[in-house]
Structure formats: C-alpha cells, structure tokens
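Asks: Just the structure for this:
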Amino acid sequence: MGDEHNRPRLFERLRGLPVVGKAWDWGMGPHAVSKQTREAGARIAGLKATESICPYCAVGCGQIVYTRDGELVDIEGNPNSPINQGTLCPKGSASRQLIQQPGRLTKVKYRRPGGTEWEEIELEQAMDMIAERVIAARENGWEERDEQGWRVDRTLGFAHLGGATLDNEENYLIKKAFTAMGAIQIENQARI
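Replies: Numbering: from 1, shown residues only. A predicted model of the protein is given here:
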C-alpha cells in the first residue's frame, strides 16, 4: 500500500533527471502538441455559443449551438446538461442538417384531391386551408348529446396524435387547444 502513494513522487523524481526526464516527457503534455496545432487555436474560437435543446425526441438533450454572424457553424452536446452530459445520439449529432441540408423542403407542397403532381403554395394559404378544414370537420362531426341523451358537446370529426418530438409545453398547449375545440380523441405517440 505504501508504494501506491509513493508512485506519483517517484514519477516526478524520474522526470527531474537530466536525460531520463526528457525522454519521459516525449509525447506527453505540452510536448505532444505540434507547432501547427498550437497555432491553429480552438475550433470554436470567436463563435457565439447558445445553449439549446435537441428537437428530435422528448428526452430533451442539451446542445450548444455555435454561430458566426447569425449563421450556424456547429452543434454539439452540452457537457453541462444533466440529461446527456455532452453526448448526442446519431440524430442529435446530425441536427445541423435540419437547417443546412440542401434537400430540405422550405416551401409548402400540396397535392390536390385526385391530383398526381405536387404544387408549391404559400404558407399563409396552407394555414388558411387547414383552419377551414378543421372548422368544417368540427361542425360536421359535432355531437350535442350522446346515445343515452347526456349532453356531451364534443366532436368526433377530428383527433390529435402527437409525436415523440413534442415537449411537455407543446403537449400542454395542444391538449388545451383541441379540448377547447371539442375534441376528445387526443393522444401522444410516446404512450402507444
């Protein structure tokens, strides 16, 4: 047992020897860094770091988003996150592609009933179409009373099935909104 406590001192004494000490330091500590590496500096030097949350699933892994002049440069795991402690799954590691992937859709694609081709429409037009369809489905599926005559004031015209990427706040707002519209079929994919 006494030897284990003396080992660090022994190594320090060996490093102090003229020839052996130099050989001992080869490839270790500051000697392991080349001049080119030392001059290159940190990969993230000069970048703005913003803490964020990975958007892929409901786990909520912490990310650090690095930007330069408002443009995304890199995303990596946040080592200060108690959830993932700096690690990310393959999807989280590739989340930069959500913005910078060249094949990413940036326009609303719509295929008319009976149509065979996709057409691009404006986001505002798409949102209006969705709102009109939700209102029509609510009205067409509205039930004031059930089979036993009980007052229910509900619609069976639409439902909501949430995905695992929704966080608690989004699920809360969706539940409130769909309940206010009279929907009773509200579920989340993570519980199926």
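
Asks: Could you report the pLDDT at Q125?
Replies: pLDDT, Q125: 95.

Asks: what's the answer for G163, then?
Replies: For G163, the model assigns a pLDDT of 76.

Asks: cool, and Q97?
Replies: Note for Q97: predicted pLDDT of 87.

Asks: In contact with it, which residues?
Replies: Q97 is in contact with R104, counting by C-beta atoms under 8 Å, 6 or more residues apart in numbering. C-beta: built from backbone N, CA, C; applies to glycine.

Asks: Can you pull the phi and psi angles for it?
Replies: phi -70, psi -20 (degrees, to the nearest 10).

Asks: Same check on V33?
Replies: Torsion angles at V33 (phi, psi; degrees, to the nearest 10) stand at phi -100, psi 130.

Asks: That one and E39: what is the separation?
Replies: Using C-beta to C-beta, to the nearest Å, we find V33 at a distance of 10 Å from E39.

Asks: Looking at the two, which one has more neighbours?
Replies: Shown here are V33 and E39; by other C-beta atoms under 10 Å, V33 has more neighbours (11 against 8).

Asks: Could you list every helix and strand in contact with the top helix by length along the chain?
Replies: In the chain, assigned by DSSP state H, the helix with the most residues is helix 123-140. When contacts are defined as 3 or more C-beta pairs under 8 Å, 6 or more residues apart in numbering; DSSP states H and E, helix 123-140 packs onto strand 108-110.
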